[in-house]
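In: Model the following, please.
(4 chains)
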2 protein chains.
Amino acid sequence: MDLIVGTALKILDEEGAEALSLRALAQRLKSSTATLYRHFTGRADLMARVVDRIIGEMELDRAETATTSWRQACRAAACNMFEVLSRHRNVAPLLGDHIPTGPNAAASREHFLALLLANGFPPDLAARAYALLTRYVLGFAMQLRPDPAATSREEAQFAAAAHGLDPARFPATAAVADSLPVPLEEEFALGLDLLLAGLAQLRDRAPDA
Amino acid sequence: MDLIVGTALKILDEEGAEALSLRALAQRLKSSTATLYRHFTGRADLMARVVDRIIGEMELDRAETATTSWRQACRAAACNMFEVLSRHRNVAPLLGDHIPTGPNAAASREHFLALLLANGFPPDLAARAYALLTRYVLGFAMQLRPDPAATSREEAQFAAAAHGLDPARFPATAAVADSLPVPLEEEFALGLDLLLAGLAQLRDRAPDA
DNA sequence: ACCTGAACACCGTTCAAGT
DNA sequence: ACCTGAACACCGTTCAAGT
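Out: Residues are numbered from 1 along each chain as shown, chains lettered A, B, ... in the order given. Take a look at the predicted model:
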């Protein structure tokens, strides 16, 4: 039932990953845990459906795909993936549990691969570029902390600790303390641009055209 | 106690993340759960110490650091990080829970930053390069499945599913089905090389020298 | 002073019993 | 046929009671 998946996602977003127990879910639905098992084989099955639901939130058909370069389209798609995962940061870690196999995952993959193939990537390089970019996005998204407020607090603590280090024992860290810690969202964009530039060169060197 | 952390790591490696309960740990140590709380404030504290333990396994002082280019040294360091996390793949996800603050984490960071600073990276770019590379490695390592055997099975199923897709509905996926799924370990190396090439260019364009 | 059995408030999952 | 309370075998954490 879509209502169950939606309610599970709401609990995940509003109260965090540890708040989503089958008991809490049943309670919100005014049902019982045993009844939930009539719709899903177990917790893992439910989680896989939540994952496909948020993959469905990713926008594939931005106008840019047709009107801009493949690089800008890839960049936009990757950033959009990252944004959706940021909105559901408690769900992102679940993406790593299994290769997504739901209908939305299949549609997303098809769209991305079609974009690459239409822009001169040979099949093998298209598959590798797709895998690299999606794994890059997911890897960064998984490192987003659940709670933005707690993140700021931890970053502030870390920055203070970096400045308080003994410069004799940690000269290099002390020298760059003003730049630590580097915000994850910024870093994501930098690495993405470097990867896209590298993939562009690989494509230009490839046999096809 | 180091013995407790070592035993926890052994359970993690041998039996998986879900097998590590404080009860199981106490049993292996022939103690009780309540006694464990005399050494750690709680589960989170224990996990943070396990994390710093495996950071300590990473080799920082390979001979290459002195004799080869910074790019090869960075590449070796990143690959070594990835290898250590692969050996302890049930621990890798824990690295994302908090910014590592243990002594081994501090030593590793210092070493990496010193390498970059010694090779002409301005402080701000050194911090960003360090953050990017460590996040890249951890992001990929977090996507390693716990059980290699289960991974192979899932990959085989996925490959079969990709070949069985309707080519009319999924033409692009069908066209690259022979190349799916791309092994994560291979993909890691490709992306790493692209990032290092990009960072080299950024450094050469930077004001310092 | 140090340790621990037992309790507390949870979990995912199952099933006999009710409607 | 469909649903569910209650049970089962677990968790992390705490604390009174023992040595």
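In: switch to C-alpha atoms for all contacts and neighbour counts from now on
Out: Noted.
In: what sits up against the lengthiest helix in chain A?
Out: Looking across chain A with DSSP state H, the single longest helix is helix A:184-205. Defining contact as C-alpha atoms under 8 Å, 6 or more residues apart in numbering or on different chains, one finds that helix A:184-205 is touched by A:71, A:75, A:79, A:120-122, A:125, A:129, A:133, A:136-137, A:140, A:144, B:128, B:131-132, B:191, B:194-195, B:197-199.
In: With just CA atoms, put that helix into PDB.
Out: Coordinates of each C-alpha in helix A:184-205 appear next as PDB, following Å, rounded to 0.1, in the frame of the first residue of the first chain:
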ATOM      1  CA  LEU A 184      30.300  18.700   2.300                       C
ATOM      2  CA  GLU A 185      27.800  20.400   0.000                       C
ATOM      3  CA  GLU A 186      30.600  22.600  -1.500                       C
ATOM      4  CA  GLU A 187      33.000  19.800  -1.800                       C
ATOM      5  CA  PHE A 188      30.400  17.700  -3.600                       C
ATOM      6  CA  ALA A 189      30.200  20.300  -6.400                       C
ATOM      7  CA  LEU A 190      33.900  20.600  -6.800                       C
ATOM      8  CA  GLY A 191      34.500  16.800  -7.200                       C
ATOM      9  CA  LEU A 192      31.500  16.500  -9.500                       C
ATOM     10  CA  ASP A 193      33.000  19.100 -11.900                       C
ATOM     11  CA  LEU A 194      36.400  17.400 -11.800                       C
ATOM     12  CA  LEU A 195      34.800  14.000 -12.600                       C
ATOM     13  CA  LEU A 196      32.700  15.500 -15.500                       C
ATOM     14  CA  ALA A 197      35.800  17.200 -17.000                       C
ATOM     15  CA  GLY A 198      37.600  13.800 -16.800                       C
ATOM     16  CA  LEU A 199      34.800  11.900 -18.400                       C
ATOM     17  CA  ALA A 200      34.600  14.400 -21.200                       C
ATOM     18  CA  GLN A 201      38.300  13.800 -22.000                       C
ATOM     19  CA  LEU A 202      37.800  10.000 -21.900                       C
ATOM     20  CA  ARG A 203      34.900  10.300 -24.300                       C
ATOM     21  CA  ASP A 204      36.800  12.500 -26.700                       C
ATOM     22  CA  ARG A 205      39.600   9.900 -26.800                       C
END
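In: Give me the angle between that helix and helix B:184-205.
Out: Between helix A:184-205 and helix B:184-205, the angle comes out at 100 degrees (axes from the mean of the first three to the mean of the last three C-alpha atoms, to 10 degrees).
In: Tell me the buried residues in helix A:184-205?
Out: Neighbour-count burial for helix A:184-205, counted by 16 or more other C-alpha atoms under 10 Å in any protein chain shown, picks out A:184, A:187-188, A:190-200, A:203.
In: Does the residue in chain A positioned nearest to chain B lie in a helix or a strand, and which?
Out: Here chain A gets closest to chain B at one residue, A:Gly139, 3.6 Å apart by C-alpha to the nearest C-alpha. Using DSSP states H and E, A:Gly139 sits in helix A:123-142.
In: So for that helix, mean pLDDT?
Out: For helix A:123-142, mean pLDDT is 98.
In: and the gap between the closest residue to A:Arg89 other than its chain neighbours and A:Leu9?
Out: Of all residues not flanking A:Arg89 in the chain, A:Pro146 sits nearest, at 5.8 Å (C-alpha to C-alpha, 6 or more residues apart in numbering or on different chains). Noted for A:Pro146: a distance of 14 Å to A:Leu9, by C-alpha to C-alpha, to the nearest Å.
In: Let me see the contact set for the residue lying closest to A:Phe170 once chain neighbours are set aside.
Out: For A:Phe170, ignoring the flanking residues on the chain, the nearest one in space by C-alpha to C-alpha, 6+ apart is B:Glu110 at 6.0 Å. B:Glu110 sits next to A:170-173 when contact means C-alpha under 8 Å, 6+ apart.
In: and the helix or strand harbouring B:Glu110 with helix B:123-142, angle?
Out: According to DSSP H and E, B:Glu110 maps onto helix B:103-117. Compare the direction of helix B:103-117 with that of helix B:123-142 by the same axes, to 10 degrees and you get 130 degrees.
In: what comes up buried for helix B:103-117?
Out: In helix B:103-117, counting by 16+ other C-alpha under 10 Å, buried: B:104-117.
In: Give me every residue in chain A lying close to DNA strand C.
Out: For chain A, the residues in contact with DNA strand C (C-alpha under 7 Å from any atom of the strand) are A:19-24, A:33-34, A:37, A:41-44.
In: Give the rounded mean pLDDT of stretch A:26-40.
Out: Averaging pLDDT along stretch A:26-40 yields 96.
In: Look at it and report the distance between its end residues.
Out: Distance between the two ends of stretch A:26-40: 13 Å, counting by C-alpha to C-alpha.
In: And the closest residue in space to A:Arg109 that isn't next to it in sequence, how close does it get to A:Asp61?
Out: In space, and not counting its chain neighbours, A:Arg109 is closest to B:Thr173: 7.2 Å by C-alpha to C-alpha, 6+ apart. Noted for B:Thr173: a distance of 17 Å to A:Asp61, by C-alpha to C-alpha.
In: So which of those two has more stuff around it?
Out: Per other C-alpha atoms under 10 Å in any protein chain shown, whichever of B:Thr173 and A:Asp61 has more neighbours is B:Thr173, with 27 against 10.
In: Report the buried residues of stretch A:146-166.
Out: Buried, per 16+ other C-alpha under 10 Å, within stretch A:146-166: A:146, A:155, A:158-159, A:162-163.
In: From the chain's centre, how far out is that stretch? Work that out for me.
Out: 23 Å (C-alpha atoms, centre = their mean, to the nearest Å).
In: Stretch A:126-134 too?
Out: Offset of stretch A:126-134 from its chain centre (C-alpha atoms, centre = their mean): 14 Å.
In: quick one: it near chain B?
Out: Yes. Shown here: stretch A:126-134 in contact with chain B (C-alpha under 8 Å from any C-alpha of the partner chain) through A:126-128, A:131-132.
In: DNA strand D contacts on chain A?
Out: So far as C-alpha under 7 Å from any atom of the strand goes, chain A lies against DNA strand D at A:31-35, A:38.
In: Let me know the outermost residue of chain A.
Out: In chain A, the residue that sits farthest from the middle, by C-alpha atoms, centre = their mean, is A:Ala168; the gap is 39.3 Å.
In: Please consider this matter closed, and thank you.
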